[in-house]
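Undergrad: This is a predicted model, with the sequence first.
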Amino acid sequence: MAGYQVFVGSRSPDRAAEAAKMIAQTAKRPVRVSGLSNENAVSQADVVVITVPFAALIDTLRIVKPRFRPGQVLVNVSVPLETSVGGRATRTVGVWAGSAGELAASVVPSTVSVVTAFNNVSAELLKDLSKTVDCDVLVCSDDENAKKIVLDLVKGIMGARGFDAGALENSRTIEQVTALLVSLNIRYKVKSAGLRITGISPVS
Ligand SMILES: NC(=O)c1ccc[n+]([C@@H]2O[C@H](COP(=O)([O-])OP(=O)(O)OC[C@H]3O[C@@H](n4cnc5c(N)ncnc54)[C@H](OP(=O)(O)O)[C@@H]3O)[C@@H](O)[C@H]2O)c1
C-alpha cells in the first residue's frame, strides 16, 4: 500500500502466488506484489523480512543463505515463543545467542545487516486496511543505516510510529514483550494488543 515492490516468499511458490493474489485483491488498487520461493524472494529483495515460527528460523535461513547479497538488510520478526517446543505462546524459551534477532545474525553472512522490528505488531492489525495501525514499532540493529532503512519502512504504515531502540542486543527485551502481548490478547479476548511509547517523539 506504501508503494514498495513486495516479493512474498514461501516454501511453495504456488502458496506464495496465492498469497500475493489475495494481497492484491485486498488492496483494491494496483500494487506491486508477487509470490516466489523463499530462495528467489531473497534474491530479488533489498530488504528481507523473515516471519517464520521460531522453530523454523535457523533451517529457513540456512536454506536461503546462499541467495543473500552483500548490503542486504534482514529484518527478523520471529520470536522465540515456547510454542516452538510445544509450550505456551505466553512464554519464551532461552536462546544461547541472546535473542532470535542475534541468532539470525549468527546464521546469515556477515555482509547482511540484521534488524529487529515488527515483533510487537499484530498481523491482525496490519491486514485490516480499513483502520490505521495503532501500534509503535521498536527497531534495533548494530547497523545504523539498516535501522534507518527499516524506520523509513515503518513510515509507510499509517498510524504506526518507529522508534530507534538501539543495538541488536535489545532484541532480547523486545522479543519478550511479544509473549506479554499474547498474554494480554488472551486475557482481553482480542488479537490486537500492541505497544505505544509515550514521553518521546519518534525519530524523524
Ligand atoms: N502473527 C503475529 O501477529 C505476529 C506478531 C509478531 C511476531 N510474530 C512472530 O512472527 C513469526 C511468524 O508468526 P506467524 O503467526 O506468521 O506464523 P505462521 O503463520 O505459523 O507461519 C508463517 C509462515 O511461516 C512458514 N512456515 C511455517 N512453518 C514452517 C516451517 N516448519 N519451516 C519453514 N517455514 C515455515 C509458512 O509459510 P509457507 O508454508 O508458505 O512456507 C507460514 O505461512 C513467529 O515467530 C511469531 O512469534 C507474529
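TA: Cool, the structure landed.

Undergrad: How about the longest helix anywhere in the chain, which residues are buried there?
TA: When the chain is parsed with DSSP state H, its longest helix is helix 171-188. Of the residues in helix 171-188, S171, R172, I174, E175, T178, A179, L181, V182, N185 count as buried by neighbour count, 16 or more other C-beta atoms under 10 Å. Placement of C-beta: from N, CA and C, glycine included.

Undergrad: Keep only those that also lie close to the ligand.
TA: T178 (C-beta under 6 Å from any ligand atom).

Undergrad: before we move on, back to that, helices or strands up against the longest helix of the chain?
TA: Helices and strands touching helix 171-188, as assessed by 3 or more C-beta pairs under 8 Å, 6 or more residues apart in numbering; DSSP states H and E, comprise helix 100-107, strand 113-116, strand 136-141.

Undergrad: For the protein, which segments are assigned as strands?
TA: Counting by DSSP state E, one finds strands in the chain at the ranges 6-10, 33-37, 47-50, 73-76, 113-116, 136-141, 161-164.

Undergrad: so which of these comes closest to the ligand?
TA: Comparing those by their distance to the ligand (C-beta to the nearest ligand atom), the top pick is strand 6-10, with 3.2 Å.

Undergrad: Could you tell me the angle between the closest one and strand 33-37?
TA: With axes from the mean of the first three to the mean of the last three C-alpha atoms, to 10 degrees as the criterion, the two stretches strand 6-10 and strand 33-37 enclose an angle of 30 degrees.
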